[in-house]
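J.: Next input, structure requested:
(one chain, ligands or ions: 2)
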Amino acid sequence: MRVLVTGGAGFIGSALVRYLVAEQGYEVLNVDKLTYAGNLASLKAIDNHAGYRFLKADICDRKTMAEAFASFRPDRVMHLAAESHVDRSITGAQDFVETNVMGTFSLLETARHYFAGLDAASRERFRFLHVSTDEVYGSLGDDGLFREDTPYDPSSPYSASKAASDHLAKAWQRTYQLPVVVSNCSNNYGPYHFPEKLIPLTILNALAGRELPVYGRGENIRDWLYVEDHARALDAIIARGRIGETYNVGGRNERRNIDVVRRICEVLDQRVPVSGSRQELIRFVTDRPGHDARYAIDATKLEDELGWRALETFDTGIEKTVDWYLQNAWWWEPLRQSYDGQRLGILPTAEAKAG
Ligand code: NAD
Ligand code: DAU
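T.: Ligands and ions are numbered 1, 2, ... in the order given. Predicted coordinates for the structure are as follows:
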């Protein structure tokens, strides 16, 4: 099995590539532009493996991508390359539109032309998995879950760009019969997570004795999935998912942000005791503009149709994650030199009000 993964040097992409190469024995070509979020150190465990290859390229570069398809001849494409951080999208939407919308369009076109040139047996086998987010569905109130038929209602430039890319992927299936499947997943966490996102940022700031910014009152709810559970889900969806369908991915682990931050403090206080508690570092700060109140996934379709189950609960996964950061300073210390955890995504007006 030959799998072309885009964005394989990122957080989820690297977990997926490690899984496909080391546990499934697939041949993988990882295509990644290596933005600030791409890090080949995350692939150290498999980078000498015979089944693994890396190509530094931008998915928007049609010529290079067409050459990559022609020489690697993928049976499957798993498309994860994206700008992924909501806060950065608030103050710099252009990269999000370019990579998430135009990049996905370019990749779909490259795949369509490649697919058209395949023989019948290869066409039968070929699949394109477009990896997306639950944020396309917007915000939930106190009740209910995101299902595959929940209407799209994105709030941020990031989620709007992902929504656009989902529609493109579906349209390429309906119009050109490209064998596309789409997945929409909830918040991931785990090892090799760039420390701009809530969980790794909180772990590293707490470890350094720095303030822990919680947006608004910390009441917003996210549905947390351990990244290795997501990697297994993606492999199941591309292997056995039905063409043209969407599969929601989530582990039924809703938590308020404030409870996530408090739990990280508790685990760190057990592992590396300090006088007092790290919870004293928590600070409620100006809210994120357009902050969605609650995300929660109904993963029944994935569970019933494809037999997938999350193996980690939030309680087991968060302990593993904290331990990983404690044991792998070699990975995150260089990243903190280039981005040391300052607040992102504040609009000038909100900043003035906060000051
Ligand atoms: P990430 O930001 O950690 O990694 C993105 C990767 O894409 C990086 O390695 C980056 O270098 C690469 N990339 C960016 N622009 C590129 C381009 N133009 N060409 C080639 N490579 C490019 O992101 P992540 O958190 O691993 O998310 C991966 C995918 O999963 C994204 O599509 C995201 O929308 C989706 N997703 C993420 C989450 C989450 O909680 N992190 C949840 C659901 C879905
Ligand atoms: O739901 C899936 C999405 O999850 C993915 O599509 C995105 O790529 C991924 O980044 C993530 O988006 P979020 O915006 O939910 O993740 P983030 O870690 O940025 O924030 C999680 C919650 O924590 C959110 O409610 C905002 C809040 N937050 C975040 C940061 C960085 C804080 O309270 N303080 C912080 O410092």
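
J.: rest of the way, CA atoms for contacts and neighbours
T.: Fine.

J.: pLDDT score for residue 351?
T.: pLDDT, residue 351: 51.

J.: what residues does the chain put near ligand 1?
T.: Taking Cα under 6 Å from any ligand atom as the contact definition, the chain meets ligand 1 at 7-13, 32-35, 37-38, 57-60, 80-84, 99, 131-133, 185-188.

J.: Write the ChimeraX selection for whichever of the residues you listed are buried.
T.: Below is the selection syntax for ChimeraX that covers the buried ones among those, with 16 or more other Cα atoms under 10 Å defining burial:
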select :7,8,9,10,11,12,13,32,33,34,37,38,57,58,59,60,80,81,82,83,84,99,131,132,133,185,186,187,188
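
J.: Go through the residues of the chain next to ligand 1 and flag which are in helices.
T.: Using DSSP state H, 11, 12, 13 are the members of the residues of the chain next to ligand 1 that sit in helices.

J.: Could I get the full set of helices for the stretch 251-355 of the chain?
T.: Assignment of helices within the stretch 251-355 of the chain using DSSP state H, counting those that start in this stretch yields the ranges 257-271, 300-306, 314-327, 329-338, 348-354.

J.: buried residues in the helix or strand hosting residue 232?
T.: Residue 232 is located in helix 227-240, with elements delineated by DSSP states H and E. When neighbours are counted by 16+ other Cα under 10 Å, the buried residues of helix 227-240 are found to be 227, 228, 229, 230, 231, 232, 233, 234, 235, 237, 238.

J.: Take the residues you listed and lay them out in TSV including pLDDT and distance to residue 339.
T.: Formatted as TSV, the buried residues of helix 227-240 follow (pLDDT from 0 to 100; distance: Cα to Cα, whole Å):
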residue	pLDDT	distance to residue 339
227	98	22
228	98	25
229	98	28
230	98	26
231	99	27
232	98	30
233	98	31
234	99	30
235	98	32
237	99	34
238	98	35
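
J.: Return the member of the residues you listed nearest to residue 270.
T.: Each of the buried residues of helix 227-240 was checked against residue 270 using Cα to Cα; the closest is residue 227, at 23.8 Å.

J.: was I right about the closest one contacting residue 190?
T.: Yes: between residue 227 and residue 190 a contact is recorded at 5.6 Å, counting by Cα atoms under 8 Å.

J.: Need phi/psi at the spatially most distant residue from the centre of the chain.
T.: Distance to the chain centre peaks in the chain at residue 275, reaching 35.7 Å (criterion: Cα atoms, centre = their mean). Main-chain torsions, residue 275, degrees, to the nearest 10: phi -70, psi 130.

J.: ends of stretch 274-287, how far apart?
T.: Taking Cα to Cα, to the nearest Å, stretch 274-287 runs 29 Å from one end to the other.

J.: Skipping adjacent residues, who's closest to residue 317 in space?
T.: Nearest-residue entry for residue 317: residue 226, 6.1 Å, with adjacent residues in sequence omitted and distances by Cα to Cα, 6 or more residues apart in numbering.

J.: Tell me the bridge partners for the one you found.
T.: Taking DSSP bridges as the rule, residue 226 bridges to residue 189.

J.: ok, it touching residue 319?
T.: No: taking contacts as Cα under 8 Å, residue 226 lies outside contact range of residue 319: 11.1 Å.

J.: Could you check which of the two is surrounded by more residues?
T.: residue 226 (27 against 16; other Cα atoms under 10 Å).

J.: For that one, give me its contacts.
T.: Listed by Cα atoms under 8 Å, 6 or more residues apart in numbering, the contact set of residue 226 reads 188, 189, 190, 312, 313, 314, 317.

J.: Same list (those) but as a markdown table, adding pLDDT.
T.: Shown next, in a markdown table, are the contacts of residue 226 (pLDDT from 0 to 100):
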| residue | pLDDT |
| --- | --- |
| 188 | 98 |
| 189 | 98 |
| 190 | 98 |
| 312 | 98 |
| 313 | 97 |
| 314 | 97 |
| 317 | 98 |
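
J.: For the stretch 51-200 of the chain, which segments count as helices?
T.: 62-72, 86-91, 93-96, 104-116, 120-125, 157-176, 198-207.
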